[in-house]
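Student: sequence first, then the predicted structure:
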Amino acid sequence: MTCAVPALRNRKAGTRFRDQTMTIKTHSAGIQHAYSGMLARRRAMIVLMFGLLLISFLLDVATGPGQYPLTIIFEVLIDPMAHGARLKVIVWDYRLPVAVTAAVVGALLAVAGAQMQTILNNPLAEPFTLGVSAAASFGASLSIVLGISIIPAVGPFLVTVNAFVFALTTCGLILLATRIKGVGSETMILFGIAIFFTFSALLALMQYMASEDQIARIVFWMMGSLSRASWEKIALGGMLLAVAIPFSLIRTWPMTGLRMGEVTAASMGVDVARLRVEMLVCISLLAATAVSFVGTVGFVGLVGPHIARMLVGEDQRYLVPLAAIVGALVLSLTSLISKSITPGVIYPIGIITSLIGVPVFVSIILGTRREKLS
Amino acid sequence: MRLEITGLSAHYGDRPVLNGVAIPCIDSGAFVGVIGPNASGKSTLLKTLAGLVKPTAGAIRLGGEDITRLTRRERARRVAYMPQAFGCNALLTVFESVLLALKQTTGWRVRSENLDQVAATLATLGLGDLSGRGVADLSGGQAQMVAVAQTLVRAPDVILLDEPTSALDLHHQLSVLSVVRREAALRRPVVMAALHDLNLAAKYCDRLVLIGEGQIVADGNPENVLALRDIGRIYCVETCLERTARGGMYVDAHLPA
């Protein structure tokens, strides 16, 4: 019904405007409350997963050929000489480096995977699918079979250094490919597949030329192993994580924006090309270091970030730390399982991760991916 | 703040897409519709203004300042562009997707006023009920509304909308353009929208710019531009501008016999 009197019509319009403003304010408060609740759940999830990681880590240290109660292991961790020199050596020189390496390498691979998936906008991107692991394997086999060292005078670190150099070079190639105009994320994955097949073929050639003993060493390397753990490697991996996680967190908003698509991110002010280069440099170091430490472990960099993403979404403030924790948890559990199947035998971790990981991964893909978001 | 575009040219490779485009004196609060057939250069014009396409010649001045000299971040703060295609499979809620659009230019830390801005923008656009839903689960129309929210939340000096109503039903077409028009009237940014629907353009825009083959064919108030014979020539149709019973304009178009 229209109002014949202008003053009355104006008053009604003013009332309607005030009502609308009040409705918007009330609605805004509700929206903010829901968002705060979601963030609180995400923080709780990070705490929960960190707790699980601690439990897994302690069990990993407690598990081995010699059976010791968890309380004794815990006491030796706090005071190395609490139960004599023998237990100190077992815990501090054998078990702890392996358990810490599992956690650190798992975190390195998962953070690298999370960042790769974001900058290439592809859920299948990780060091394994982009050929970085295959390149590292070839580098290692080159030193095992032909004794060729890319960097001279590295002594006992020959295999590790060769693997690192080849992994880093491959990341450099991927980096160069991103600079080619018109190369999109799909092309990058195809480029990674090409690298994977190239180095796999070269690796097969090395195996063809190798002696039985050398083949055994190559295969063991390709399957992934924590047996070469050392405190020096742990310190290096830990330092990298200490730099890489803040490096990623500083770029939280551009990286999260990139998940909306390149054009949308660019329209928001994100320098997409520069961000990709910066992150690929970071990823290169993380992936090359992880692969050169433990060999090929082709699952953690894929599933670690996916589990983290399902639990806290794409917001990099939560995704990056949780991906690191989940990656560490997955490899820590893998280490635990590799020692628990047959007493006295340690199975290669790459086999365990694939056997357990692939079904889990498929169930994740087919499962309630979207429903768990909020 | 006045926007002035002079002699703007842009190329995709060797192919010229914009050729000396000049749109003088777009005052703050103006709602300019950019019309023209497919591949005429509408989107490229908006992308060039947003800094996504590098111009080969010409100048873009906002309040007398050449915005091509601004940093990418500063330019994004002052000029917000909504791309034509929207939609992604990211695990982000609607609230987060709008928040991250705001946070690209407002520092790392999320402050309470940021949350206020996002919540108010969503509520204003009627998206409050969708705020907790994942962007991957939205319909095309809902996703386009969220893209509009991402643009408005930044409170920029210039709003560039590339076909903002292309995926929307009639109700949402009118809602979005009403909200944008209200934004132009209240906060006084310059609004430029590439539109295909000439009747919507006539209804909401203060000024229309007709582009054909990368050049400005006509520039003026909707009534004058839509009445031109050039409209039919540029679109390869026959048109007739009629007055509706409520005083609006209606472009009656049909294919030539």
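Tutor: Great, that's in hand.
Student: give me the pLDDT value at residue 36.
Tutor: Since you didn't name a chain, this refers to chain A. Looking at A:Ser36, its pLDDT is 88.
Student: wait, chain B was what I had in mind.
Tutor: pLDDT at B:Gly36 comes out at 92.
Student: whichever residue of the stretch 1-150 of chain B sits closest to chain A: neighbour count?
Tutor: Proximity of the stretch 1-150 of chain B to chain A (CB to the nearest CB) peaks at B:Ala76, 2.6 Å away. For every residue, glycine as well, the C-beta is placed using N, CA and C. Residues within reach of B:Ala76, counting by other CB atoms under 10 Å in any protein chain shown, total 24.
Student: three-state assignment of it?
Tutor: helix (DSSP: H, G, I helix; E, B strand; the rest coil).
Student: residues contacting A:Ala163?
Tutor: By CB atoms under 8 Å, 6 or more residues apart in numbering or on different chains, the contact list for A:Ala163 reads A:136-137, A:139-140, A:288, A:291-292, A:295.
Student: return a ChimeraX selection command for the buried portion of the residues you listed.
Tutor: In ChimeraX syntax, the buried subset of these is picked out as below (16 or more other CB atoms under 10 Å in any protein chain shown):
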select /A:136,137,139,140,288,291,292,295
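Student: mind putting the contacts of A:Ala163 in a markdown table, pLDDT, distance to chain B and secondary structure included?
Tutor: Listed next are the contacts of A:Ala163 as a markdown table, based on pLDDT from 0 to 100; distance: CB to the nearest CB, whole Å; DSSP: H, G, I helix; E, B strand; the rest coil:
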| residue | pLDDT | distance to chain B | secondary structure |
| --- | --- | --- | --- |
| A:Ala136 | 85 | 30 | helix |
| A:Ser137 | 86 | 32 | helix |
| A:Gly139 | 89 | 35 | helix |
| A:Ala140 | 85 | 36 | helix |
| A:Ala288 | 81 | 28 | helix |
| A:Val291 | 83 | 27 | helix |
| A:Ser292 | 81 | 32 | helix |
| A:Gly295 | 84 | 31 | coil |
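Student: distance check, the residue most central in space within chain B against chain A.
Tutor: Centroid-nearest residue in chain B: B:Leu161, 1.9 Å away (criterion: CA atoms, centre = their mean). Separation of B:Leu161 from chain A (CB to the nearest CB, to the nearest Å): 11 Å.
Student: host element of that residue?
Tutor: Using DSSP states H and E, B:Leu161 maps to strand B:158-162.
Student: same question for B:Ala143.
Tutor: Using DSSP H and E, B:Ala143 falls within helix B:140-152.
Student: elements contacting that helix?
Tutor: strand B:79-82, helix B:94-103, helix B:112-124, strand B:158-162, helix B:170-187 (3 or more CB pairs under 8 Å, 6 or more residues apart in numbering or on different chains; DSSP states H and E).
Student: for the ones you listed, which one sits closest to A:Ser211?
Tutor: Taking CB to CB, helix B:94-103 is the member of the helices and strands packed on helix B:140-152 nearest to A:Ser211, at 55.8 Å.
Student: by how many degrees do the closest one and helix B:112-124 diverge?
Tutor: Calculated by axes from the mean of the first three to the mean of the last three CA atoms, to 10 degrees, helix B:94-103 forms an angle of 130 degrees with helix B:112-124.
Student: is chain A contacted by helix B:94-103?
Tutor: Yes - applying CB under 8 Å from any CB of the partner chain, one finds helix B:94-103 in contact with chain A at B:95-97, B:100-101, B:103.
Student: closest to B:Leu226 among those?
Tutor: Closest approach to B:Leu226 among these (CB to CB): B:Ala101, at 33.5 Å.
Student: pLDDT weak spots in the chain?
Tutor: You didn't say which chain, so I picked chain A. Scanning chain A for pLDDT under 70 picks out A:1-26, A:154, A:156, A:178, A:181-185, A:357, A:360-361, A:363-374.
Student: try chain B instead
Tutor: Scanning chain B for pLDDT under 70 picks out the ranges B:85-87.
Student: returning to what we had before: ok, the residue nearest to the centre of chain B to B:Val176 distance?
Tutor: Separation of B:Leu161 from B:Val176 (CB to CB, to the nearest Å): 9 Å.
Student: which residues are common contacts for these two?
Tutor: Common neighbours of B:Leu161 and B:Val176 (CB under 8 Å, 6+ apart) are B:Val148.
Student: separation between A:Asp93 and chain B?
Tutor: Relative to chain B, A:Asp93 is positioned 42 Å away (CB to the nearest CB).
Student: show the contacting residues for A:Ile356.
Tutor: For A:Ile356, the contacting residues are A:334, A:337, by CB under 8 Å, 6+ apart.
Student: in terms of helices and strands, where is it?
Tutor: Going by DSSP H and E, A:Ile356 is part of helix A:349-366.
Student: what does chain A put close to chain B?
Tutor: So chain A meets chain B at A:23-25, A:27-32, A:34-35, A:38, A:250, A:252-254, A:256-257, A:259-261, A:263-264, A:266-271, A:309-310, A:313-315, A:369-370, A:373-374 (CB under 8 Å from any CB).
Student: try 6 Å
Tutor: For chain A, the contact set with chain B under CB under 6 Å from any CB of the partner chain comprises A:24, A:27-28, A:31-32, A:34-35, A:253, A:256-257, A:259-261, A:263-264, A:266-269, A:271, A:309, A:313-314, A:370, A:373-374.
Student: mind listing what's buried along stretch B:189-207?
Tutor: B:189-195, B:197-207.
Student: then stretch A:84-101?
Tutor: For stretch A:84-101, the neighbour count (16+ other CB under 10 Å) marks A:87, A:90-92, A:94-101 as buried.
Student: need the max-distance pair from these.
Tutor: Largest separation among these by CB to CB: A:Leu87 and A:Thr101, giving 20.2 Å.
Student: follow-up on the earlier one: so the closest residue to the residue nearest to the centre of chain B other than its chain neighbours: helix, strand or coil?
Tutor: Computed as CB to CB, 6 or more residues apart in numbering or on different chains, the closest residue to B:Leu161 that is not its neighbour in sequence is B:Ala193, at 4.1 Å. Put simply, B:Ala193 is strand when judged by three-state DSSP.
Student: beta partners of B:Ala193?
Tutor: Per DSSP bridges, the residues bridged to B:Ala193 are B:Gly33, B:Leu161.
Student: pull out the buried residues from stretch A:238-246.
Tutor: A:238, A:240-241, A:244-245.
Student: for that stretch, what is the distance to the chain centroid?
Tutor: 12 Å (CA atoms, centre = their mean, to the nearest Å).
Student: check stretch A:115-133 too.
Tutor: 10 Å.
Student: span of that stretch from start to end?
Tutor: In stretch A:115-133, first residue to last residue: 16 Å (CA to CA, to the nearest Å).
Student: got the residues of the stretch 101-250 of chain B near chain A?
Tutor: Close to chain A, as judged by CB under 6 Å from any CB, the stretch 101-250 of chain B has residues B:101, B:103-105, B:115, B:119-120, B:122-123, B:128, B:131-132, B:134, B:137.
Student: fine, thanks again, bye for now.
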